[in-house]
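# The sequence isn't on hand, but the structure is:
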């Protein structure tokens, strides 16, 4: 431990020698920046309102090979998932996060077999609820937590993401702002960051063999996004 | 890994004779630059250039306050229940990682691609000490099986074709049915996916790099397209992050700006498929995630670059754009550089990390065409730094006596413009006459180094200065009108 402390001291001393004295001015600059959390340029492409923003989100997600389906109520979600799996010729079986937002609809009206909890290697499709969407690039934002184990987003070969249209923001910065305000003080440390925040933009892909693009290497081969437009 | 930078010249010669490599590099040089331009076009006018300016400013500010941001970052990681381990050298980092693996009783370690992992040669070390490392990025997995270093920072197996990958899998995967057809790259992908699935689920430790370390929140950022990093840090009991000190960035908003230029510059994507922000271990009520979260924070020569003319190199975010656009990298590939980094960023960074006496040939392997600086998302003045290394080589008298004598003679003439023109003009005229028929020279005395691998175009008979003086501007100068 003391060897580690010595290395810490040596690295910091080297940097301080090169960067100038710790005279309070530099410290203030750091404190100011960390508290300002200033936004920089946000590209125009995501700065849309209402349906235009949802349309842009959809077209960007589709451009990176996600599929998008719009429904008008959370109650339509179970059937939409059952239909999607049938169309893909996949088993009518899902691994779902124990998310209260996913508990409202009547799942028993479909023939879906549902298991809750973190994903296992045997699951064929994962269902989770996104924290936010980002129109700029058709990106989904997930947060991990007791109701949202993040393995469901990565391990099963198909990922079905549910998102409310009202949660689709224009740019990443708006999603950060939402996270800061909704999760302020929720962490034992006093911070707001959950264990993971995951941005997902399309299904898994690789171009590592001859720079040819293929979908579905380690993460899901299919990403299906169900957007609920209920307001 | 141990550097082979001293063998640069012979490596480069061998690489240029390799037709299969030339084909692979041709694919690279056409694909990525085009996709980068398309991605820039999907932004509004000037947005990309403004994002680059801001990205440069963010990193300059961070580097000027690096000690303080590191302290902030460490405090936030600790608050979130993680541990930061400061390591001075590669050896220190290797020892620390093994110590954490041993404490976790680890038999296997899944890894998502990390250039710092390559830099400290962690795989060989773990293996020698009874812990099996498993690379999970497809390209990195392939080269691990082949016991090769990566040849590109974001496309580590870019030097291979699919037949070589097939041969590698057939040799390494013992359960693979010899009769199975793997002609289609898609089937190679399936084979790798299935082979690695069990490894993800059974690993004791997940070792990842970090694209950024966020001081505001104590977060490490991981950027992938495959999703391998997410399975690497989510499934095992222990997550180790290995990252160098210059990965620090102040806030989430700063990170977001730099992310907007990272993928666009590297692969030409607007954003990579997976961008993940990890902060500390599993919370008490969480259903998944690691019980322990460690950050091995490595210096390995970087603190020594702070405050020098090479400090700006520490802005590099490892996007690979300078490699994709470099005519020298495009001709010889990454392995010839002899260490884990390559291309223009490698030619500047490697001497900084392992010493110019080891890597003196690298800064000379550049035409100084300037394309690397033009495409660098962080606006790193790579050509200026390549020249700075060349000056250091000259000061140290590290280049050959012939080269030094040649430069001295040239410098003597160049400082005497009238004499220089008087001597060169007849030479240019003579070369123009001799080379008139073919328009180029296949061989010239004293210029074998140039004409060996390529022809020298014949001059058209006149120097620029001579033509300038004959033209209207020259006439104006002669008439004293300036």
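Ah, there it is. Here the structure is a predicted model, which means the values were calculated and not measured.
# any residue of stretch B:198-216 up close to chain A?
Yes. Interface with chain A: stretch B:198-216 contributes B:198, B:200, B:201, B:215, B:216 (CB under 8 Å from any CB of the partner chain). For the C-beta atoms, the positions are set from N, CA and C on the backbone; glycine is no exception.
# average model confidence for that stretch?
What stretch B:198-216 shows for mean pLDDT is 97.
# ok now that stretch, how far from the chain's centre?
Its chain's C-alpha centre and that of stretch B:198-216 lie 21 Å apart, by CA atoms, centre = their mean, to the nearest Å.
# the longest helix in chain B is where?
Using DSSP state H to define each element, chain B has its longest helix at helix B:19-41.
# hmm, who's touching it?
Helix B:19-41 has contacts (CB atoms under 8 Å, 6 or more residues apart in numbering or on different chains) with A:210-211, B:15-16, B:48, B:152, B:155, B:158-161, B:263-270, B:320-321, B:324-325, B:329-331, B:333, B:375.
# Check the offset of it from the chain's centre.
Relative to its parent chain, helix B:19-41 has a centroid offset of 16 Å by CA atoms, centre = their mean.
# Pull out the buried residues from whatever helix or strand comes next after that helix.
For helix B:19-41, the following helix or strand on the C-terminal side (DSSP states H and E) is helix B:47-64. Buried residues in helix B:47-64, counted by 16 or more other CB atoms under 10 Å in any protein chain shown: B:47-48, B:51-52, B:54-56, B:58-64.
# which pair in these spans the largest distance?
Maximum pairwise distance among the buried residues of helix B:47-64 (CB to CB): 26.0 Å, between B:47 and B:64.
# how about the closest residue to chain B within chain A, secondary structure?
Nearest residue of chain A to chain B (CB to the nearest CB) works out as residue A:219 at 2.4 Å. When classified by DSSP: H, G, I helix; E, B strand; the rest coil, residue A:219 comes out as coil.
# Likewise for residue A:162?
Using three-state DSSP, the structure places residue A:162 in strand.
# Report how many residues lie close to it.
The tally of other residues near residue A:162 (other CB atoms under 10 Å in any protein chain shown) stands at 25.
# try residue A:78
For residue A:78, using other CB under 10 Å, the count is 21.
# Tell me if it really is in a helix.
Yes. Counting by three-state DSSP, residue A:78 falls inside a helix.
# near chain A at all, the helix or strand containing residue B:347?
Assigned by DSSP H and E, residue B:347 falls within helix B:343-354. No. Helix B:343-354 is not in contact with chain A by CB under 8 Å from any CB; minimum separation 13.8 Å.
# tell me which residues of that helix are tucked away?
Applying 16+ other CB under 10 Å to helix B:343-354 flags B:343, B:344, B:345, B:346, B:347, B:348, B:349, B:350, B:351, B:352, B:353, B:354 as buried.
# Now the last one: closest residue in space that isn't a chain neighbour?
For residue B:354, the nearest residue in space outside its immediate sequence neighbours is residue B:3; the separation is 5.5 Å by CB to CB, 6 or more residues apart in numbering or on different chains.
# how distant is the helix or strand of chain B with the lowest mean pLDDT from the center of its chain?
The helix or strand of chain B with the poorest confidence is helix B:448-451; it has a mean of 73 (mean pLDDT, DSSP states H and E). Its chain's C-alpha centre and that of helix B:448-451 lie 28 Å apart, by CA atoms, centre = their mean.
# now swap in stretch B:353-369 and tell me
14 Å.
# Do me a favour and average the pLDDT over that stretch.
Mean pLDDT, computed over stretch B:353-369, is 93.
# now do stretch B:90-103
pLDDT averaged over stretch B:90-103 gives 98.
# do the same with stretch B:247-259
Rounded mean pLDDT across stretch B:247-259 is 98.
# same check, this time on stretch B:219-229
For stretch B:219-229, mean pLDDT rounds to 97.
# Next, see if the longest helix belonging to chain A gets close to chain B.
Counting residues, the longest helix in chain A under DSSP H turns out to be helix A:2-19. Yes. Judged by CB under 8 Å from any CB, helix A:2-19 comes into contact with chain B through A:4, A:7, A:8, A:10, A:11, A:12, A:14, A:15, A:16, A:17, A:18, A:19.
# Turn these into CSV, including neighbour count, pLDDT and distance to residue B:287.
Formatted as CSV, the residues of helix A:2-19 next to chain B follow (neighbours: other CB atoms under 10 Å in any protein chain shown; pLDDT from 0 to 100; distance: CB to CB, whole Å):
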residue, neighbour count, pLDDT, distance to residue B:287
A:4, 16, 89, 33
A:7, 19, 96, 36
A:8, 20, 97, 34
A:10, 14, 97, 41
A:11, 22, 97, 37
A:12, 20, 96, 38
A:14, 18, 96, 43
A:15, 23, 97, 40
A:16, 17, 95, 43
A:17, 13, 95, 47
A:18, 18, 96, 45
A:19, 19, 95, 43
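# Distance to residue A:227 for those - can I get that in CSV?
Listed next are these as CSV, based on distance: CB to CB, whole Å:
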residue, distance to residue A:227
A:4, 49
A:7, 50
A:8, 48
A:10, 53
A:11, 48
A:12, 49
A:14, 52
A:15, 48
A:16, 51
A:17, 55
A:18, 51
A:19, 48
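# Need the pLDDT of residue 60.
Here I'm looking at chain A. On the pLDDT scale, residue A:60 gets 98.
# my bad, the chain I had in mind was chain B
Looking at residue B:60, its pLDDT is 98.
# Next up, the contacts around the spatially closest residue to it that is not a sequence neighbour.
Nearest non-adjacent residue to residue B:60, counting by CB to CB, 6+ apart: residue B:315, 7.1 Å away. Contact analysis of residue B:315 by CB under 8 Å, 6+ apart lists B:56, B:59, B:60, B:63, B:246, B:378, B:379, B:380.
# Looking at those, which is nearest residue B:240?
residue B:246 (19.1 Å).
# Tell me who's in contact with the closest one.
Each residue near residue B:246 by CB under 8 Å, 6+ apart is listed here: B:63, B:66, B:302, B:314, B:315.
# roughly how far apart are it and residue A:6?
According to CB to CB, to the nearest Å, residue B:246 and residue A:6 sit 21 Å apart.
# Which secondary structure element is home to the residue nearest the centre of chain A?
Chain A has residue A:141 as the residue nearest its centroid, 2.4 Å off, counting by CA atoms, centre = their mean. Taking DSSP H and E as the criterion, residue A:141 maps to strand A:139-143.
# Now do the SS call for residue A:224.
What three-state DSSP gives for residue A:224 is strand.
# Counting neighbours, what do you get for it?
Residues within reach of residue A:224, counting by other CB under 10 Å, total 23.
# where along chain A do the strands fall?
A:67-71, A:93-96, A:113-116, A:125-129, A:132-134, A:139-143, A:158-164, A:168-169, A:196-200, A:205-206, A:214-215, A:222-228 (DSSP state E).
# I'd like those written out as a markdown table, with mean pLDDT and distance to residue B:275 added.
Output for the strands of chain A, formatted as a markdown table (pLDDT from 0 to 100; distance: least, CB to CB, whole Å):
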| stretch | mean pLDDT | distance to residue B:275 |
| --- | --- | --- |
| strand A:67-71 | 98 | 20 |
| strand A:93-96 | 98 | 23 |
| strand A:113-116 | 97 | 27 |
| strand A:125-129 | 98 | 17 |
| strand A:132-134 | 98 | 11 |
| strand A:139-143 | 98 | 8 |
| strand A:158-164 | 98 | 15 |
| strand A:168-169 | 98 | 15 |
| strand A:196-200 | 98 | 4 |
| strand A:205-206 | 95 | 14 |
| strand A:214-215 | 94 | 18 |
| strand A:222-228 | 98 | 15 |
